[in-house]
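In: sequence first, predicted model second:
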Amino acid sequence: MMRILGIDPGLRCTGWGVVALDGGRLQHIANGAIQPKPTLDDAARLQIIFDGLCEVINLHQPDQAAIEQIFVAKSAGSALRLGMARGVGILACGVNRLGVGEISARAVKKAVAGTGTADKKQVQDMVTRLLAVTAQNADAADALAIAIAASNEAGTAASVGVELGQGQAGKEQVGKGQTTGGLSAAIAAALARDDVSNGGKT
């Protein structure tokens, strides 16, 4: 069984989620959100995010982590602040000797919802179906989606080249939305379970 930590970085709220892929079974381990007080300065917020992620890593002992790539933000200032939160997330993994890969928002949507153009609600609904759990908030749900997308037949995105220091080639592979092997089986099993519990109605 491999445990994967997904991180959805943000200075206001950093979502995190841990899933495990064991053969053909996708399992929810935990999820949550780190929400520094808005009155704090950026340095204090970043310290809280760092400490919170380190605590999550130490508590749940993931084998691999994945974080969303930076997308085009509303402004340069927003991109800079998002980058700071993202950097702290990567640092927390590095300090704890946890390999962390990058995955695009489009790849996350394709892996979880079947299309790279899915909206946030579709992704969050699929996370709920796949893991049979309601995430703490939208950011935690996004983090779980990142963790799910980073999973594959080896239980971690590392087997398709997305690990610390692996380079662009691996990122491009995941960017194509590969969800073969164990992840595909886990998704199929979770959806079948959900259909049965709903009397065959989708």
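Out: On my side now, so go ahead. Residues are numbered from 1 along each chain as shown.
In: for stretch 34-47, measure first residue to last.
Out: Start-to-end span of stretch 34-47 (Cα to Cα, to the nearest Å) is 11 Å.
In: same question, stretch 89-101
Out: Stretch 89-101 has an end-to-end distance of 11 Å (Cα to Cα).
In: and the average pLDDT for it is what?
Out: Average pLDDT, stretch 89-101: 96.
In: shaky segments in this structure?
Out: Within the chain, the ranges that satisfy pLDDT under 70 run 24, 71-74, 152-191, 193-202.
In: all strands of it, in order?
Out: 2-8, 14-22, 25-34, 64-68, 100-103 (DSSP state E).
In: can you add mean neighbour count and distance to N137 and give the ones you listed back as CSV?
Out: In this view, the C-beta of every residue, glycine as well, is placed from N, C-alpha and C. Shown next, in CSV, are these (neighbours: other Cβ atoms under 10 Å; distance: least, Cβ to Cβ, whole Å):
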stretch, mean neighbour count, distance to N137
strand 2-8, 26, 10
strand 14-22, 26, 7
strand 25-34, 20, 5
strand 64-68, 27, 16
strand 100-103, 24, 20
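In: quick one, which of those is nearest to K120?
Out: Nearest to K120, of all the strands of the chain, is strand 2-8, at 10.9 Å by Cβ to Cβ.
In: coming back round to it: which of the strands of the chain sits closest to A132?
Out: strand 25-34 (7.1 Å).
In: which strands and helices lie in contact with the closest one?
Out: Here strand 25-34 touches strand 14-22, helix 42-60, helix 120-131, helix 138-149, helix 182-197, going by 3 or more Cβ pairs under 8 Å, 6 or more residues apart in numbering; DSSP states H and E.
In: rerun at 6 Å
Out: strand 14-22, helix 42-60, helix 138-149, helix 182-197 (3 or more Cβ pairs under 6 Å, 6 or more residues apart in numbering; DSSP states H and E).
In: how many neighbouring residues does L59 have?
Out: Neighbourhood size, L59 [other Cβ atoms under 10 Å]: 11.
In: nope, A138 is what I was after
Out: By other Cβ under 10 Å, neighbour count at A138 equals 16.
In: please point out which parts of stretch 66-79 sit buried.
Out: By neighbour count with 16 or more other Cβ atoms under 10 Å, stretch 66-79 contains the buried residues 66-68.
In: quick one on the thing from earlier: columns distance to G114 on top of the strands of the chain, output as JSON lines?
Out: Shown next, in JSON lines, are the strands of the chain (distance: least, Cβ to Cβ, whole Å):
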{"stretch": "strand 2-8", "distance to G114": "18"}
{"stretch": "strand 14-22", "distance to G114": "18"}
{"stretch": "strand 25-34", "distance to G114": "15"}
{"stretch": "strand 64-68", "distance to G114": "18"}
{"stretch": "strand 100-103", "distance to G114": "16"}
